[in-house]
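In: heads up, no residue letters with this:
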């Protein structure tokens, strides 16, 4: 779903870019444009070695916690795959905003910029525009639509975002979201049929930086899926997410787990898995792996005879992420 989720945003962007040409920006224009997040602000910085690791992931293998030293870590491969999915969603969402940077505003006011309105070729019968407004150090922006021929009161926002600058270019706190439910109410076709809303919150003003992405499914019958990425000095990364109904150990119940994984630039990492419900509710599992993704240390809180295996000293120092 994530791979297709943002496709129509790119099409809307092409419409805006085709209708406005050139990049003749004033210094004030650049202040507006720098309030828009870029890929390097939000994407998870995965180690290069992650491209060579593969595996079934936690959700497709029985007895995931039955692992031996020297084997490929399922936690490492699951983290790699989740990180790539996370970046795919970020990439699709930011394609629109990055292409806005290549076109000059149609309307300039002291604290407002507007691109458009234009006919949206990807959605016949709709007009599209992009609006940014400034209040001191805060910038608000909206990707808006209306049916062709309607007045100004008919504009509604599909994408909305905000950014409050702190110190330096693109340093601060921001958020953006897609109102998929509103789009459906307006008979506006999207690829996001399984969602009501997609949210991203982030802060880039201080280390560790943080990006949180939340997928809210249709109807609210299923809990939102939440991913949190943090980055500390030295390019240390962390991803936290929940995995419901996961078959971790032999037994009559499935486990709901929270997984926090951390990694260093050379590919070494650590995973801490907390079991929230299931056969071993309350259990904690810790695993470390080397740059090849092979297990070097294991700790199982419920195993009284062999609570640890391997050398804990092989686990990287991630204290910079403990803040």
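Out: Yep, it's here. Keep in mind the model is a prediction, meaning the values are calculated, not measured.
In: Quick one: the helices in the stretch 1-150 of the chain, in order.
Out: With DSSP state H, counting those that start in this stretch as the criterion, the stretch 1-150 of the chain has helices at 7-19, 27-33, 39-42, 74-100.
In: can you put the ones you listed in a markdown table and add mean neighbour count and mean pLDDT?
Out: All C-beta atoms are positioned from the backbone trio N, CA, C, and that covers glycine. Converted to a markdown table, the helices of the stretch 1-150 of the chain look like this (neighbours: other C-beta atoms under 10 Å; pLDDT from 0 to 100):
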| stretch | mean neighbour count | mean pLDDT |
| --- | --- | --- |
| helix 7-19 | 19 | 46 |
| helix 27-33 | 15 | 87 |
| helix 39-42 | 16 | 88 |
| helix 74-100 | 21 | 84 |
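In: the strands in the stretch 51-200 of the chain, which residues?
Out: Secondary structure of the stretch 51-200 of the chain (DSSP state E, counting those that start in this stretch): strands at 107-109, 112-119, 126-135, 138-147, 156-165, 172-179, 195-203.
In: Reformat those strands as a markdown table; add distance to residue 257 and mean pLDDT.
Out: Formatted as a markdown table, the strands of the stretch 51-200 of the chain follow (distance: least, C-beta to C-beta, whole Å; pLDDT from 0 to 100):
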| stretch | distance to residue 257 | mean pLDDT |
| --- | --- | --- |
| strand 107-109 | 50 | 95 |
| strand 112-119 | 44 | 94 |
| strand 126-135 | 40 | 96 |
| strand 138-147 | 36 | 96 |
| strand 156-165 | 32 | 95 |
| strand 172-179 | 27 | 94 |
| strand 195-203 | 23 | 94 |
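In: wait, which of those is closest to residue 291?
Out: strand 195-203 (28.4 Å; C-beta to C-beta).
In: The closest one: which residues count as buried?
Out: Neighbour counts over strand 195-203 (16 or more other C-beta atoms under 10 Å) mark 195, 196, 197, 198, 200, 202, 203 as buried.
In: Now the two most distant members of these.
Out: The distance between the two most remote of these (C-beta to C-beta) is 24.8 Å, for 196 and 203.
In: how many neighbours does residue 187 have?
Out: 10 (other C-beta atoms under 10 Å).
In: For it, give me the backbone phi and psi.
Out: Phi and psi for residue 187, reported as degrees, to the nearest 10, are phi 60, psi 30.
In: Also residue 271?
Out: phi -120, psi 140.
In: Not counting sequence-adjacent ones, nearest residue to it?
Out: In space, and not counting its chain neighbours, residue 271 is closest to residue 75: 3.5 Å by C-beta to C-beta, 6 or more residues apart in numbering.
In: Same check on residue 203?
Out: Residue 203's closest residue in space is residue 173 (C-beta to C-beta, 6+ apart), at 4.7 Å.
In: Looks like that neighbour contacts residue 139 (just checking).
Out: No. Contact criterion C-beta atoms under 8 Å: residue 173 and residue 139 do not qualify, at 11.4 Å.
In: With distance to residue 295 as new columns, can the strands of the stretch 51-200 of the chain be given to me in a markdown table?
Out: What follows is those, written out as a markdown table (distance: least, C-beta to C-beta, whole Å):
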| stretch | distance to residue 295 |
| --- | --- |
| strand 107-109 | 58 |
| strand 112-119 | 51 |
| strand 126-135 | 48 |
| strand 138-147 | 45 |
| strand 156-165 | 41 |
| strand 172-179 | 38 |
| strand 195-203 | 32 |
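In: closest to residue 222 out of those?
Out: Among the strands of the stretch 51-200 of the chain, strand 195-203 sits nearest to residue 222 (C-beta to C-beta), with 10.7 Å.
In: What helices and strands are in contact with that closest one?
Out: Where contact means 3 or more C-beta pairs under 8 Å, 6 or more residues apart in numbering; DSSP states H and E, strand 195-203 is packed against helix 39-42, helix 74-100, strand 172-179, helix 180-185, strand 209-217.
In: Return the list of strands paired to that strand, each annotated with direction.
Out: strand 172-179 (antiparallel), strand 209-217 (antiparallel) (DSSP bridges).
In: Which of residue 173 and residue 139 has more residues huddled nearby?
Out: Of the pair residue 173 and residue 139, residue 139 is the one with more neighbours under other C-beta under 10 Å, namely 24 against 17.
In: show me the contacts for that one.
Out: Contacts for residue 139 were tallied using C-beta atoms under 8 Å, 6 or more residues apart in numbering; they are 32, 35, 132, 133, 162, 163, 164, 165.
In: can you do 10 Å?
Out: 31-36, 111, 113, 132-133, 161-165, 172, 174 (C-beta atoms under 10 Å, 6 or more residues apart in numbering).
In: ok, now residue 276?
Out: Residue 276 neighbours (C-beta under 10 Å, 6+ apart): 242, 243, 244, 255, 256, 257, 258, 282, 283.
In: can you check residue 289 too?
Out: Contacts of residue 289 by C-beta under 10 Å, 6+ apart are 53, 71-77, 79, 261, 263, 267-271, 295-297, 314-316.
In: how does it look with 7 Å?
Out: Taking C-beta atoms under 7 Å, 6 or more residues apart in numbering, we find residue 289 in contact with 73, 76, 268, 269, 295, 296.
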